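Student: Generate coordinates for the sequence data below:
(one chain, ligands or ions: 2)
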Amino acid sequence: MIIKKASFVISNTNYKLCPNENKAEYAFIGRSNVGKSSLINALTNNKSLAKTSGKPGKTQLINHFLINEDWYMVDLPGYGYAKTSKVLRVRFHKMINDYLLNRKNLICLFVLIDSRHDLQSIDNEFMQFLSENNIPFTMVFTKIDKQGKSTLIKNFNKFKTTMLNDWETLPKHFMTSSIKKTGLKELLSYISELNTGFQSSQES
Ligand code: GTP
Ligand code: MG
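Tutor: Numbers count the residues shown, from 1 in each chain. Ligands and ions are numbered 1, 2, ... in the order given. A predicted model of the protein is given here:
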């Protein structure tokens, strides 16, 4: 799939105010600073579409971007940023959970995970929550340019072993680098396939 047009639509704190649910939607979530906004910019080939930062806690709202006038990408705030105040953390948690549990056109949630790390309990618990609530998700490993190929494989194997302690199978996953633009084509074809499924379900 080629992205010809990507434009910012709206930012919200409440899922009820998000755009009409008649288009397929894909949201990006994960720990603060994992690279959600950067991945959206890399996928759309637009450096300034989503706001990125070297400091965690940059994205604080539910941000909708309309792609090819046809479907949405959604940039969500990160979780697990310890320096945010408790009040803010509780507010973010409620905002994200309400969105995830109620958004009917959310076709797939991309859970971003830093490819350099072993499975973190916060990510594991979050994915357990998704699974228990039947929220479809796919893991996206980020920043693979930050390590050599053999280290990447070693880290991934360790991650997989840890994950399989709690999970029957490893959820679907992609390996990406927003800097080197690795894995983006694969991710876009996956979205394209899911879009086709969404369109057929709308027609029937
Ligand atoms: P919050 O909105 O704060 O939750 O963060 P985020 O997950 O949106 O992360 P963001 O895209 O703002 O990126 C955080 C930092 O990681 C920035 O300094 C990016 O330049 C860097 N970064 C993101 N993706 C990559 C990548 O693929 N490779 C490398 N080397 N750096 C990356
Ligand atoms: Mg962000």
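Student: what about the strands in this protein?
Tutor: Secondary structure of the chain (DSSP state E): strands at 6-12, 25-30, 62-67, 71-75, 106-114, 137-142, 173-175.
Student: Of those strands, which is nearest Ser38?
Tutor: For those, the distance to Ser38 is smallest for strand 137-142, at 7.9 Å, taking CB to CB. Every residue, glycine included, has its C-beta placed from N, CA and C.
Student: packing partners for that closest one?
Tutor: strand 25-30, helix 36-44, strand 106-114, helix 121-132, strand 173-175 (3 or more CB pairs under 8 Å, 6 or more residues apart in numbering; DSSP states H and E).
Student: Give the buried residues for the lengthiest helix in the chain.
Tutor: When the chain is parsed with DSSP state H, its longest helix is helix 184-203. Neighbour counts over helix 184-203 (16 or more other CB atoms under 10 Å) mark Leu184, Leu187, Leu188, Tyr190, Ile191, Leu194, Asn195, Phe198 as buried.
Student: The fourth one: what's it in contact with?
Tutor: This means Tyr190. Counting by CB atoms under 8 Å, 6 or more residues apart in numbering, Tyr190 makes contact with Thr138, Phe174.
Student: same check, this time on the third one
Tutor: Listed by CB under 8 Å, 6+ apart, the contact set of Leu188 reads Met1, Ile3, Leu43.
Student: Highest neighbour count among these?
Tutor: Highest neighbour count within the contacts of Leu188, by other CB atoms under 10 Å: Leu43, with 26 neighbours.
Student: picking up where we left off before, angle of the longest helix of the chain against strand 25-30?
Tutor: Helix 184-203 runs at 140 degrees relative to strand 25-30, counting by axes from the mean of the first three to the mean of the last three CA atoms, to 10 degrees.
Student: Tell me the gap between helix 184-203 and the middle of its chain.
Tutor: With CA atoms, centre = their mean, to the nearest Å as the basis, helix 184-203 stands 16 Å off its chain's centre.
Student: returning to what we had before: would you convert the buried residues of helix 184-203 into a markdown table that also reports distance to Lys160 and pLDDT?
Tutor: Listed next are those as a markdown table, based on distance: CB to CB, whole Å; pLDDT from 0 to 100:
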| residue | distance to Lys160 | pLDDT |
| --- | --- | --- |
| Leu184 | 22 | 98 |
| Leu187 | 19 | 98 |
| Leu188 | 24 | 98 |
| Tyr190 | 20 | 98 |
| Ile191 | 24 | 98 |
| Leu194 | 24 | 97 |
| Asn195 | 29 | 95 |
| Phe198 | 30 | 88 |
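Student: No further questions, thank you.
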